[in-house]
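# for reference, the sequence and a predicted model appear below.
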Amino acid sequence: MPNLYKYILRPILFTLQAETAQKLAENTLQVEPLWKSLEPYLKLEDSALRTKWCGFQLKNPIGLAAGFDKECRLLPSLSHWGFGYLVAGTVTAEAKPRNPRPRMFRNPSNKSLVNALGFPGQGLIEARRELEEARKKIMNTPIVVSVSGTDISDVVNCYQAVEPLADAIEVNISSPNTKGLRIFHKSNSLSKLLYAINQIRNKPLIIKLPPYTSENLNESDGILSLIRTCRDNGVDGLTISNTQPVKDDRLSVKEGGLSGRPIYAKMLNLVRDARKEVGPEMAINACGGIFTGYHALQAMEAGATTVQIYTGIVFRGPRIVKHIKEEMLNQDT
């Protein structure tokens, strides 16, 4: 079992196109009894991993990143993997199609993915139905729902609709495949959005930020300004950060988001800078290139409260959560 994915399943999956393999994984993850039966092989809990986060006592600091379960259909199965919390979505008010194929590629040489999926989904009504079903089955793992939109009213409507079914909400202002979101990369626009959300919210609020993409000081100042805006408007947590915008001629739309190991160093730098801005209390979720327990501990040393994973699942398989926990505990000894 320990090497089944690395030596047998991954080589088979990597013969398929990335999106085909992803779809196959999603179909398998809809068979919840299978994953429930595998839970003893996937889970590992230790009191040393418990983490205070956004008012919750997590069993461990490893979260599923938004985008893996875009349509909120896989949460019951994923709850058997041993995550500390799960992020579902991103949910938008209206149903959105995927971009034309091809829209996802693996880069095995540097353990990365590039995708131009956007925010595909069935819209708010279907997302609520899936979340209601998940809530009946998941008792001990907090569910965070990622929402987004290109104007304040859309985001607020999504927030209001899914908040009763979530333990926290993560508002995504940073998808590189959704140009309209860049309106919220301006502090005054983000401040207006946060003010509107604060009028109606009852649960913890997390903002998913754009990444550092260069050494440009003006860019850094702009992102740090967004962080200060979040701090000053009572945001409970930051997710740092989204995929890095890239040009790629393999994609039908010629540009998308890069995830995985190549963005890890810039993510760490932004986590350090954000922690200096927000102080010790606000939660920071490190997202980008986390594959191992060493990466997780390094992110926490930089100032992260938790880590979120997605691309690492593609390269390490369903036991990645258990492996990261084992590696974290071994590093601590």
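The structure has been received and is ready for your questions. Just so it is clear, the model here is predicted, and its values are computed rather than measured. Numbers count the residues shown, from 1 in each chain.

# who touches Gln30 in this structure?
Gln30 makes contacts with Arg73, Leu74, Ser77, as judged by CB atoms under 8 Å, 6 or more residues apart in numbering. All C-beta spots, glycine's among them, are computed from the backbone N, C-alpha and C.

# quick one, phi/psi of the closest residue to Val145 other than its chain neighbours?
Across the structure, with CB to CB, 6 or more residues apart in numbering as the measure, the residue nearest Val145 apart from its sequence neighbours is Ala166 (4.2 Å). Its backbone dihedrals place Ala166 at phi -120, psi 160, with angles given as degrees, to the nearest 10.

# which residues of the stretch 1-150 of the chain fall in helices?
Per DSSP state H, counting those that start in this stretch, the stretch 1-150 of the chain carries helices over the ranges 4, 10-13, 18-29, 32-42, 75-78, 124-137.

# next one: the stretch 151-300 of the chain
Listed from the start of the chain, the stretch 151-300 of the chain has helices (DSSP H, counting those that start in this stretch) covering 152-162, 187-198, 217-232, 264-278, 293-302.

# which strands or helices does the longest one pack on?
Packing contacts for helix 217-232, counted by 3 or more CB pairs under 8 Å, 6 or more residues apart in numbering; DSSP states H and E, involve helix 187-198, helix 264-278.

# and the first one, which residues are buried?
Translated: helix 187-198. By 16 or more other CB atoms under 10 Å, the buried positions in helix 187-198 come out as Ser187, Ser189, Leu190, Ser191, Leu193, Leu194, Ile197.

# tell me the one of those nearest Val31?
Taking CB to CB as the measure, Val31 sits nearest to Ile197 out of these, at 36.3 Å.

# so, low pLDDT: which residues of the stretch 101-250 of the chain?
Scanning the stretch 101-250 of the chain for pLDDT under 70 picks out the ranges 176-181, 214-220.

# between the helices of the stretch 151-300 of the chain, which gets nearest to Thr20?
The minimum distance between Thr20 and the helices of the stretch 151-300 of the chain falls on helix 264-278, with 26.7 Å, by CB to CB.

# would you format the helices of the stretch 151-300 of the chain as a markdown table with distance to Arg98 included?
Below are those laid out as a markdown table (distance: least, CB to CB, whole Å):
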| stretch | distance to Arg98 |
| --- | --- |
| helix 152-162 | 19 |
| helix 187-198 | 26 |
| helix 217-232 | 28 |
| helix 264-278 | 26 |
| helix 293-302 | 30 |
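
# nearest to Asn110 among these would be which one?
So among those, helix 264-278 is nearest, using CB to CB, at 10.5 Å.

# what average pLDDT does that closest one get?
Taken as a whole, helix 264-278 has a mean pLDDT of 97.
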